[in-house]
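Chemist: Sequence and predicted structure are below.
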Amino acid sequence: MKAVIINQYGGPEELQMATIERPSIDQDEVLVAVQATSINPIDWKARQGLLKGMFDWQMPVVLGWDVAGTIVEAGAAVTNFKVGDEVFARPDIYADGRRGTYAEYAAVKEDKLALKPASLSFEQAAALPLAGLTAYQVIHDQLKIQAGEKVLIQAGAGGVGLNAIQIAKYLGAEVATTASANHHTLLRQIGADHVIDYHTTAIQDVLTDYDAVFDTIDAIDEALAILKPTGRLVTIDGQPTAAQKSQGPTVSSWWLQPNGRELAILGQLAVEGHLQVIIDQVFPFSTAGLQAAHRYSENSHSAGKLIINVGTEA
């Protein structure tokens, strides 16, 4: 099968189209003909070698951790999905580093799968898993946002932030967020009550007495300054220090846990209109397409997801 791989860590130029073996599946897995995948910051951080401490991969490596497509093979132990089902998922990160989704086919464990709603395109479905699940698990599961609470979501125009704002509003929260001025209109349209231009304004100058903060940019000290003593903070970008944990508010970090059941909830929220899937740009499945997508993600402040149209025939 065709896949875009890296043979060494480095810049976007390391991404190259190659022909590799189609992944074999275990009894609890399905093989998905990939229609679309997406770009996340973890992709280019991994490409740069910043995840070497977590994953001891052997080259070549296939990156990518969002998938939407059609099942073409199902393991003997798979009971809830069948060949022909249109699905989406955030697959596991495999130890061999060769089962990413920048490829024509991807192996996915059954418990990570969700049926793709018919009203969502493959591109929309591919935009949801990693960013959507991260937002849902932090806002709903970890911060446990309740109606009437005030929550700050840092970097609202990113893939995680866009989902987090909408999920928090769905739960009835008052939402503040930070973003460049050119993204303020979009963020208000999706429900943000307060949008702060971080270039000109410090959050502690305009926000106070907040119940919760979702930190996506490793700005824990600034967030602690606006929280109630009983407040909660979850970061996905920083590592809280002992001093930060001892100030009163609850401070913790979170790493996404792939979960098909929660992904199905996100799909339903999108179908019902509570969660708008925002796509910034779609790139072709090619060496040039992946390199351009990585450069765009790494060097710009996009609003919404960057999608790769793989288009494998089932």
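Modeler: Thanks, I have the structure now.
Chemist: hey, where'd the helices end up in the stretch 201-314 of the chain?
Modeler: 203-206, 220-224, 242-245, 260-271, 287-299 (DSSP state H, counting those that start in this stretch).
Chemist: oh, I was asking about the stretch 51-200 of the chain
Modeler: Ranges of helices in the stretch 51-200 of the chain, per DSSP H, counting those that start in this stretch, are 122-127, 129-136, 159-170, 184-189.
Chemist: which of the residues in stretch 185-194 are buried?
Modeler: 186, 187, 190, 191, 192, 193, 194 (16 or more other CB atoms under 10 Å). Yep, even glycine has a C-beta here, placed from its N, CA and C like the rest.
Chemist: quick one on the thing from earlier: mind giving me CSV with the helices of the stretch 201-314 of the chain and columns for mean neighbour count and mean pLDDT?
Modeler: Below are the helices of the stretch 201-314 of the chain laid out as CSV (neighbours: other CB atoms under 10 Å; pLDDT from 0 to 100):
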stretch, mean neighbour count, mean pLDDT
helix 203-206, 14, 96
helix 220-224, 21, 95
helix 242-245, 12, 92
helix 260-271, 19, 98
helix 287-299, 18, 96
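Chemist: Residue 73 is nearest to which of those?
Modeler: helix 260-271 (17.7 Å; CB to CB).
Chemist: could you check the angle helix 129-136 makes with the closest one?
Modeler: Interaxial angle, helix 260-271 versus helix 129-136 (axes from the mean of the first three to the mean of the last three CA atoms, to 10 degrees): 90 degrees.
Chemist: pretty sure residue 184 is in contact with residue 195, am I right?
Modeler: Yes - when contacts are counted by CB atoms under 8 Å, residue 184 is listed as touching residue 195 (4.6 Å).
Chemist: In contact with residue 311, which residues?
Modeler: With contacts defined as CB atoms under 8 Å, 6 or more residues apart in numbering, the neighbours of residue 311 are 35, 36, 285.
Chemist: Now flag whichever of those residues is closest to residue 296.
Modeler: Proximity of the contacts of residue 311 to residue 296 (CB to CB) peaks at residue 285, which lies at 15.3 Å.
Chemist: count of neighbours near the residue lying closest to that closest one once chain neighbours are set aside?
Modeler: Nearest-residue entry for residue 285: residue 310, 4.5 Å, with adjacent residues in sequence omitted and distances by CB to CB, 6 or more residues apart in numbering. Residue neighbour count, defined by other CB atoms under 10 Å, stands at 28 for residue 310.
Chemist: need the contact list for residue 310.
Modeler: Contacts of residue 310 by CB under 8 Å, 6+ apart are 34, 35, 36, 37, 69, 103, 104, 285.
Chemist: Can you tell me how far the spatially most central residue of the chain is from residue 38?
Modeler: For the chain, the residue nearest the mean C-alpha position is residue 131 (2.0 Å; CA atoms, centre = their mean). Using CB to CB, to the nearest Å, residue 131 is found at 8 Å from residue 38.
Chemist: Need the overlap of contacts for these two.
Modeler: In contact with both residue 131 and residue 38: 159, 305, using CB under 8 Å, 6+ apart.
Chemist: ok, back up a step: tell me the confidence at the residue nearest to the centre of the chain?
Modeler: With respect to pLDDT, residue 131 scores 97.
Chemist: Domain boundaries for this protein, per the record?
Modeler: Domains of the chain are assigned by automatic domain parsing as 2-128+277-309, 131-253.
Chemist: need these in a markdown table with distance to residue 271, can you?
Modeler: Output for the domains of the chain, formatted as a markdown table (distance: least, CB to CB, whole Å):
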| stretch | distance to residue 271 |
| --- | --- |
| domain 2-128+277-309 | 5 |
| domain 131-253 | 13 |
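Chemist: Tell me how far the residue nearest to residue 285 lies from residue 68.
Modeler: 9 Å.
Chemist: Lovely, talk soon.
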